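In: here is my input, please return the structure:
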Amino acid sequence: MTKRLDLYALTWRLPIILWQLVFFVGPVLFMVAISFFVVRNYRMQPAFDFVNWEKMLGRGYVWDSYWYTLFIASLSAAIAMLIAFPAAYALAFRASENLRRWAIFLLIIPFFTSYLVRTFSWYVILAETGVLNALLGYVGLGPYTMLNTHFGTVVGYLTLTLPLAVILQTVTMANIDRTLIEAARNLGCKPLATIWRVVIPLSKTGLIIAALFCFILSFGDFIAPFYLGGSQEPTLPILILDTTKSGQQWPRAAVVAIMMMLTLFAIAFTAIALAYRKPKGAR
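Out: Take a look at the predicted model:
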């Protein structure tokens with residue numbers, strides 16, 4: 001009976017296993033393999049040579065791009081979470097259920113449009129003769145340079161991640177038991193203290209997962225730093241593109257991609273461990 005159950009479970013799991021092998025494990029192993037290839041006369045040739053790893057890991061600009069990408073992705077994820085939290089709190093605890101449904105629907109709508117189109121729309125807003133500078137001009141401020149700056153990059157990242165952060169936070173906080181919040185208030189807990197001591201601990205898992213998604217999307221994004229940031233300080237995705245254009249150096253680009261994947265794996269596993277870690281004394 002146990003063997004039959006195991007075979008039955010394996011049968012249903014097989015499509016997922018095959019999907020992961022074909023579309024994830026296979027490409028990753030291939031990318032690791034080509035990182036040891038060599039390029040001669042603009043053609044990749046199979047080899048087992050560490051020259052690509054030595055050249056890429058030994059160059060300062062690669063590490064400058066790495067630390068900058070890590071910093072700007074972390075910053076944008078933190079900003080997205082801070083902006084999303086008040087909106088999600090209002091939708092979860094202040095808005096009616098019907099209004100919450102409509103708000104989530106409206107937050108999903110931007111994903112129906114190409115992210116590239118949404119990014120280009122910021123040109124009209126952030127340009128020196130754009131909408132934002134025109135509004136600032138009415139109060140005697142500006143014009144400010146916002147395109148081709150770190151600010152432009154962060155704005156592009158928020159375009160991608162902010163709606164998702166609001167949705168995930170709203171869904172998480174909407175599932176909190178209201179009686180726990182009422183109990184905290186009855187015991188004299190002030191609103192800010194209730195948020196800090198009750199709401200945030202109870203929604204810890206969802207908040208960490210939301211922050212993780214924001215970081216992953218920002219860390220691997222190419223469009224925002226290229227079109228709004230102007231590649232003034234290249235991120236790792238831009239470095240991959242530049243490397244492939246430089247003599248068809250796909251093996252060296254694979255080294256950068258592996259660096260990105262290892263970083264994301266480390267951060268993802270750490271975040272998930274923190275999200276599901278039980279408090280001390282809990283069983």
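In: and the worst-scoring helix or strand of the chain on mean pLDDT, how far out from the chain middle?
Out: Taking mean pLDDT, DSSP states H and E as the measure, the chain has helix 2-20 as its least confident helix or strand, at a mean of 74. For helix 2-20, the separation from the chain centroid amounts to 31 Å (computed by C-alpha atoms, centre = their mean, to the nearest Å).
In: repeat for stretch 189-204
Out: Taking C-alpha atoms, centre = their mean, the mean C-alpha location of stretch 189-204 is offset from the chain mean by 25 Å.
In: repeat for stretch 58-74
Out: The offset between the C-alpha centroid of stretch 58-74 and the centroid of the whole chain comes to 16 Å, using C-alpha atoms, centre = their mean.
In: quick one: buried residues of it?
Out: With burial defined by 16 or more other C-beta atoms under 10 Å, the residues of stretch 58-74 counted as buried are 62, 65-66, 68-70, 72-74. Where C-beta positions appear, they are placed from N, C-alpha and C, glycine not excepted.
In: what's in contact with it?
Out: Residues external to stretch 58-74 that are found in contact with it (C-beta atoms under 8 Å, 6 or more residues apart in numbering): 56, 150, 153-154, 157, 215, 218-219, 225, 233-239, 256, 259-260, 263.
In: and stretch 125-136, by the same measure?
Out: Counting contacts by C-beta under 8 Å, 6+ apart, the residues outside stretch 125-136 that touch it are 123-124, 142-147, 152, 155, 228.
In: which is the next helix or strand following the least confident helix or strand of the chain?
Out: Toward the C-terminus, helix 2-20 is succeeded by helix 26-34 as the next helix or strand (DSSP states H and E).
In: Ala271 versus the closest residue to Gln249 other than its chain neighbours, what's the distance?
Out: Distance criterion C-beta to C-beta, 6 or more residues apart in numbering; nearest residue to Gln249, sequence neighbours excluded, is Thr243 at 5.1 Å. For Thr243, the distance to Ala271 (C-beta to C-beta, to the nearest Å) stands at 29 Å.
In: neighbour count: the two, which is higher?
Out: Using other C-beta atoms under 10 Å, the more surrounded residue of Thr243 and Ala271 is Thr243, with 22 against 17.
In: wait, is that one part of a strand?
Out: No: with DSSP: H, G, I helix; E, B strand; the rest coil as the criterion, Thr243 is assigned helix and is not in a strand.
In: pretty sure it contacts Ala254?
Out: No: with contact defined as C-beta atoms under 8 Å, Thr243 does not count as touching Ala254 (9.2 Å).
In: gap between Leu91 and Ser35?
Out: Leu91 sits at a distance of 45 Å from Ser35 (criterion: C-beta to C-beta).
In: let me redo that: Ile108
Out: In this structure, Ile108 and Ser35 are 38 Å apart, going by C-beta to C-beta.
In: kindly report the same for Val25.
Out: Distance, Val25 to Ser35, by C-beta to C-beta: 16 Å.
In: mind listing what the residue nearest to Gln249 touches?
Out: The neighbourhood of Thr243, defined by C-beta under 8 Å, 6+ apart, consists of 249, 252-253, 256.
In: before we move on, the earlier item: Ile108 and Ser35 - which one has more neighbours?
Out: Ser35 (21 against 12).
In: check contacts around the more buried one.
Out: Contacts for Ser35 (C-beta under 8 Å, 6+ apart) come out as 52-53, 251-252, 254-255, 258.
In: okay, and which of those residues map to helices?
Out: With helices identified by DSSP state H, the entries of those that belong to them are 52-53, 251-252, 254-255, 258.
In: buried members of these into PyMOL, please.
Out: Buried residues among the ones in helices among the contacts of Ser35 (16+ other C-beta under 10 Å), as a PyMOL selection:
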select buried, resi 52+53+251+252+254+255+258
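In: format the ones in helices among the contacts of Ser35 as TSV; extra columns: pLDDT and distance to Lys278.
Out: Output for the ones in helices among the contacts of Ser35, formatted as TSV (pLDDT from 0 to 100; distance: C-beta to C-beta, whole Å):
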residue	pLDDT	distance to Lys278
Asn52	92	43
Trp53	94	40
Pro251	93	44
Arg252	94	44
Ala254	95	39
Val255	96	38
Ile258	96	33
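In: can you give me the helices in the stretch 101-250 of the chain?
Out: 115-126, 131-138, 150-174, 178-186, 191-194, 200-202, 204-219, 223, 236-245, 250-275 (DSSP state H, counting those that start in this stretch).
In: looking at these, which is closest to Ile17?
Out: Each of the helices of the stretch 101-250 of the chain was scored for nearness to Ile17 using C-beta to C-beta, and the closest is helix 250-275 (19.4 Å).
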